[in-house]
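[1] Only the shape, not the letters, is given here:
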């Protein structure tokens, strides 16, 4: 039975129970929206705080159909879901955001890149192929990317010579020119079904040199106003091209020659928007709930300049987690740790993040290094 | 077994599952602190979002002992708990905040008023008695207050003539002078076991003329700086006098002659501090968690001037709740509704609140009236 929004019985389904889902639950609790969450792991971060937890595989057609038929609106917190089920649920009249169409375009990197090309959205030159071609005539170095399943630095490799091509999986992939960039930027676009759109400020992403994971996100990016405007305009065009409902995180390169190229997108809340919990009027998780429930969008204005630091498992530590030094950073003004609630740490696993706000962005960036030096994600001794 | 704070197994017990408990859970989720919540109603607002829910009577000795022995720290979100059990748990070495001693002093209004008198803390003149005395020589009008069990305007009555004394319950009570006041103020004091103390800014409480419930809370109060300082100093003295660990909300009268009198206190998060979720750097619920876990206190500074409006059930409406007009207020900048998640509405029941922030307090106060006019808590038709 279809339920009235803002009665006590409106049900939002979320596929995936990770930290992104967990942080969406703060908003659903605030507005008393019932949440039906599915994940194969019943110790997943979003297990607590949802109304009903379904232990199930979000790649499984039947499991997703079963969940989807019990909710008023269905969304995701990770792209690796059974898209066929989403399509069939849409056809049955259930509101699904992002749509199966968008997920199909995005989940395969070759398809995604071809889409940008077709829509004349600037992106790095590439070629798509069914499997790596060792006899390529492409100039070294270039980037190999697996078309499917890549995440957090997995499925991506810099190819410096033909030898680097030998051990790659025999699966669909792209070869992409290495972009000579100054900075990696991201813009989150919010769009509801009415077509109302807003962009968050441009953020700057600093990567960890070894793990190929984002280490710091800096908001606002330290770029001229006209570059910022250009990046936000491009992000809007990308969201419109996809006809996407929900958040779309658009990752971009700012090249040394001042061009902005779309790298890739994520149709959901994104690591580059975590700062918004403390740094923006409306945080990205609330904004995602607003988008998928077709509510008016909240302000994306910044409250204070912010830097977000990812808390990842320390190398050499595997086991029951403890957050060493957290009490010290809790004593620092403008510093907010978020712990995702994963019981086990392992090297480079995303375990939480810390937001640092300050009146000046350079001050926040300095404090972020101090924070990084104090807090360590380690395994509990004994 | 005692657990390490900021491991994944640290357990905080909360007696009571109402909205105050629910809003504390946002912080425990953020920091992955396991919560054991007890309430007799398994549709209580804090049912979702806690780790383990115990259906049980928090006035029952055995129930409270059972919960208390399973946690590392025990706190409350309502004063009506079995205090004997808290005392025995303290004696067993469990950290309990607020202490049984403080609850015993506070829960009985006669004891509380005598405590202020002993400690030379200014309060309105009163007399305590075992039951109402109809032959009082006290000058009319005055206030009758039941010593125990009063809440949200219940157990309080203005006595204008001897006739008003006839129908009062034959139970312990106080007669108190009617204070000729300009304003009702409140200050929330935070204190951890290390003795670190902070006060939130002084707020002004506007009451609903009929329901005797707070209708608007205005932060900061529109009073001169020296009055504000006096109120914050007095609140600190009250918290110190109780040797209290946790939040203490100190309600005060500002008299027409400029005196500040302590009215009553609550040893927990308080309606007068709800604005802090959007209006302060550290919200009162996070601060309460910091206090009871003996963590460093967060900044109590204001982010923006704020007004909080209570959302109570509309007269004439009883049944399954719906929040009429909420989409309209979601489109207003600086307006954040909070829905507690009670399934049933009834006249004047506290169902939620709305925070309005703006650059100027008068602007926020104006917007608060607009909000109040748009959103209605009603029963769902059909």
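    Yep, it's here. Here the structure is a predicted model, which means the values were calculated and not measured.
[2] sec struct for residue A:307, please.
    strand (DSSP: H, G, I helix; E, B strand; the rest coil).
[3] Kindly provide the distance from it to chain B.
    16 Å (Cβ to the nearest Cβ, to the nearest Å). All C-beta atoms are positioned from the backbone trio N, CA, C, and that covers glycine.
[4] my guess is that residue meets residue A:356, correct?
    Yes - proximity of residue A:307 to residue A:356 meets the contact threshold set by Cβ atoms under 8 Å, at 4.8 Å.
[5] shared neighbours of these two, which are they?
    Residues touching both residue A:307 and residue A:356 by Cβ atoms under 8 Å, 6 or more residues apart in numbering or on different chains: A:364, A:367-368.
[6] just the buried members of those?
    A:364, A:367-368 (16 or more other Cβ atoms under 10 Å in any protein chain shown).
[7] Mind putting the shared contacts of residue A:307 and residue A:356 into CSV with pLDDT and distance to residue B:112?
    As requested, the shared contacts of residue A:307 and residue A:356 are arranged in CSV below (pLDDT from 0 to 100; distance: Cβ to Cβ, whole Å):
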residue, pLDDT, distance to residue B:112
A:364, 97, 45
A:367, 97, 43
A:368, 97, 46
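[8] helix, strand or coil for residue A:164?
    helix.
[9] Surely it touches residue A:175?
    No - with contact defined as Cβ under 8 Å, residue A:164 does not count as touching residue A:175 (11.4 Å).
[10] which residues sit in contact with the nearest residue to residue A:301 once chain neighbours are set aside?
    The shortest distance from residue A:301 to any non-neighbouring residue, by Cβ to Cβ, 6 or more residues apart in numbering or on different chains, is to residue A:281 (4.9 Å). Shown in contact with residue A:281 (Cβ under 8 Å, 6+ apart): A:298-303, B:333-334.
[11] out of the residues you listed, who's nearest residue A:326?
    residue A:303 (23.3 Å; Cβ to Cβ).
[12] ok, how many other residues are close to the closest one?
    A count of nearby residues for residue A:303, using other Cβ atoms under 10 Å in any protein chain shown, gives 14.
[13] what pLDDT does it get?
    pLDDT, residue A:303: 92.
[14] wait, isn't it in contact with residue A:283?
    No - the criterion here is Cβ under 8 Å, and residue A:303 misses it with residue A:283 at 10.2 Å.
[15] Compute the distance between residue A:47 and residue A:318, please.
    22 Å (Cβ to Cβ, to the nearest Å).
[16] How about residue A:31?
    Distance from residue A:31 to residue A:318, by Cβ to Cβ: 38 Å.
[17] Helices along the stretch 1-150 of chain A, start to end?
    Listed in chain order, the helices of the stretch 1-150 of chain A (DSSP state H, counting those that start in this stretch) span A:19-30, A:61-68, A:83-91, A:100-107, A:109-118.
[18] most tightly surrounded among those?
    Of all these, helix A:19-30 carries the top mean neighbour count, a mean of 25, counting by mean count of other Cβ atoms under 10 Å in any protein chain shown.
[19] Just want the most central residue of chain A.
    residue A:270 (2.6 Å; Cα atoms, centre = their mean).
[20] could you say which helix or strand contains the residue lying closest to that residue once chain neighbours are set aside?
    Spatial nearest neighbour of residue A:270, excluding adjacent residues (Cβ to Cβ, 6+ apart): residue A:249 at 3.4 Å. Taking DSSP states H and E as the criterion, residue A:249 maps to strand A:246-255.
[21] tell me what whichever helix or strand comes after that strand is packed against?
    Using DSSP H and E, the next helix or strand after strand A:246-255 towards the C-terminus is strand A:260-266. In terms of contacts (3 or more Cβ pairs under 8 Å, 6 or more residues apart in numbering or on different chains; DSSP states H and E), strand A:260-266 is packed against helix A:109-118, strand A:181-191, helix A:225-242, strand A:246-255.
[22] change it to 6 Å
    helix A:225-242, strand A:246-255 (3 or more Cβ pairs under 6 Å, 6 or more residues apart in numbering or on different chains; DSSP states H and E).
[23] next helix or strand past it?
    As the chain continues past strand A:260-266, the following element, by DSSP H and E, is helix A:276-279.
[24] what comes into contact with that following helix?
    A:219, A:283-284, A:302-303, A:306, A:336, A:355, A:357 (Cβ atoms under 6 Å, 6 or more residues apart in numbering or on different chains).
[25] Restricted to buried residues, select the residues you listed in ChimeraX.
    To isolate the buried ones among those in ChimeraX, judged by 16+ other Cβ under 10 Å, type:
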select /A:219,283,284,302,306,336,355,357
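[26] just curious, which of the contacts of helix A:276-279 is nearest to chain B?
    Distance to chain B across these (Cβ to the nearest Cβ) is lowest for residue A:303, with 6.9 Å.
[27] wait, what's in contact with the closest one?
    residue A:279.
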